[in-house]
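Novice: sharing a model that was predicted from the sequence below.
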Amino acid sequence: MLFYAFALVTVVSAWAIVVSQNIVRMAVYLLLTLGGAAGLYFMLHAELLAAIQLIVYAGGTLILIVFGVMLTSKNPFIRTEASSTEIATGVMVAIALAALMLLAVLNSPLETGAGVEQGYHQIRDVGHGLLSTYLVPFEIAAVLLLVVMIGAAYMARRRTD
């Protein structure tokens, strides 16, 4: 039952992203979509993937999108409208991708519970690697992203003054 709840939240909020015309609302719907996908990952016992989904995508990427829109736009509540050809192209691409995914699911052998016992050891190994072998590159990337964000905020602020 919980699977269907997460799936429903993910699908409905993804559809809301597509039909919404307000950029800020799109960002909120994106948060719900990414959170629903993380919930599905938790149900599949892929805790590391779910945590990465929440931290990197729902946390970092979404915040960058919202700050980017708020800092660079004169009106953050911009409404976007698609032309009829763009809508038709989007519908055709969506139908093709849905058919391709359905074909892939129907033709793939699904095994339940494979590798669940190994999951906790893999998470521990990734955490140990991040805090020992890859600590310096990880921190350099974090500082680099912080400098880029500060520079983008400075450039956006200076342009409006």
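Specialist: Nice, I can see it.

Novice: how far off centre is the longest helix belonging to the chain?
Specialist: Across the chain, the longest stretch assigned as helix under DSSP state H is helix 135-160. Counting by C-alpha atoms, centre = their mean, to the nearest Å, helix 135-160 is centred 20 Å from the centre of its parent chain.

Novice: which elements pack onto that helix?
Specialist: Applying 3 or more C-beta pairs under 8 Å, 6 or more residues apart in numbering; DSSP states H and E, we find helix 135-160 packed against helix 62-72. In this view, the C-beta of every residue, glycine as well, is placed from N, C-alpha and C.

Novice: on that earlier part again, orientation of the longest helix of the chain relative to helix 62-72 in degrees?
Specialist: In terms of direction (axes from the mean of the first three to the mean of the last three C-alpha atoms, to 10 degrees), helix 135-160 departs from helix 62-72 by 20 degrees.

Novice: what about helix 135-160, average pLDDT?
Specialist: Here helix 135-160 scores 80 as its mean pLDDT.

Novice: for stretch 59-71, same thing?
Specialist: 75.

Novice: can I get that stretch in PDB? Just the C-alpha atoms.
Specialist: Provided in PDB are the C-alpha atoms of stretch 59-71 (Å, rounded to 0.1, in the frame of the first residue of the first chain):
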ATOM      1  CA  GLY A  59      18.400  19.100  -1.300                       C
ATOM      2  CA  GLY A  60      21.200  20.600  -3.400                       C
ATOM      3  CA  THR A  61      19.900  20.700  -7.000                       C
ATOM      4  CA  LEU A  62      16.400  22.000  -6.000                       C
ATOM      5  CA  ILE A  63      17.900  24.700  -3.800                       C
ATOM      6  CA  LEU A  64      20.200  25.800  -6.700                       C
ATOM      7  CA  ILE A  65      17.200  25.900  -9.000                       C
ATOM      8  CA  VAL A  66      15.200  28.100  -6.600                       C
ATOM      9  CA  PHE A  67      18.100  30.400  -5.900                       C
ATOM     10  CA  GLY A  68      19.000  30.600  -9.600                       C
ATOM     11  CA  VAL A  69      15.400  31.700 -10.400                       C
ATOM     12  CA  MET A  70      15.100  34.100  -7.500                       C
ATOM     13  CA  LEU A  71      18.500  35.700  -8.100                       C
END
